[in-house]
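1. I'll drop the sequence and a predicted model, then ask my questions.
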Amino acid sequence: MKVQEGYFRSVKALPGYRLEIEMATDTRIEFDFTSRLGTMRFGVLKDEKLFATACTDGEFILFGKEESEEVSISATDFMDLLLVDRTGKFPGA
């Protein structure tokens, strides 16, 4: 696991389509991607081998090989994923 400078310090793929993300603020986040795998943008990450390539350049969370990057998530987009539930499941529903 390579440590970077920028918004993201490190990213590690965990079993069950989860990511362990260390932010530049020393905050550690475990993010469950399963609810996003049915979306057009992230559906390709159902491929466990592709999901396992999760890494960061400090500015983006990246999936895929350097020469054929398939998915990139900016810090702004990641904060949106964390804060906005777009799964259609609302509390009390």
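-> Received it, and whenever you're ready, just let me know what you need.

2. and the strands in this structure?
-> With DSSP state E as the criterion, the chain has strands at 8-14, 18-23, 28-32, 55-56, 60-63, 71-74.

3. looking at those, which is nearest to Leu83?
-> Proximity to Leu83 (Cβ to Cβ) singles out strand 28-32 among the strands of the chain, at 11.7 Å. (Each C-beta comes from the backbone N, C-alpha and C, glycine too.)

4. angle of the closest one against strand 8-14?
-> For strand 28-32 against strand 8-14, the angle by axes from the mean of the first three to the mean of the last three Cα atoms, to 10 degrees is 40 degrees.

5. related to what we said a few turns ago, if we compare the strands of the chain, which one ends up closest to Met40?
-> Nearest to Met40, of all those, is strand 71-74, at 11.5 Å by Cβ to Cβ.

6. for the record, mean pLDDT for the longest helix belonging to the chain?
-> In the chain, with assignment by DSSP state H, the single longest helix is helix 75-83. Mean pLDDT, computed over helix 75-83, is 92.

7. list the buried residues for it?
-> By neighbour count on 16 or more other Cβ atoms under 10 Å, the buried set for helix 75-83 is Ala75, Phe78, Leu81.

8. mind putting these in TSV, distance to Gly64 included?
-> What follows is these, written out as TSV (distance: Cβ to Cβ, whole Å):
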residue	distance to Gly64
Ala75	19
Phe78	17
Leu81	18
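
9. which single one of the residues you listed is nearest to Ala54?
-> Distance ranking of the buried residues of helix 75-83 against Ala54, using Cβ to Cβ, places Phe78 first at 11.9 Å.

10. now that closest one: closest residue in space that isn't a chain neighbour?
-> Using Cβ to Cβ, 6 or more residues apart in numbering and skipping residues adjacent in sequence, the residue nearest Phe78 is Ile61, 6.3 Å away.

11. isn't the one you found up against Tyr7?
-> No. Taking contacts as Cβ atoms under 8 Å, Ile61 lies outside contact range of Tyr7: 9.4 Å.

12. okay, the two: which has more neighbours?
-> Between Ile61 and Tyr7, counting by other Cβ atoms under 10 Å, Ile61 is the more crowded of the two (22 against 19).

13. beta partners for the more buried one?
-> Ile61 has the following beta-bridge partners by DSSP bridges: Thr56, Ile73.
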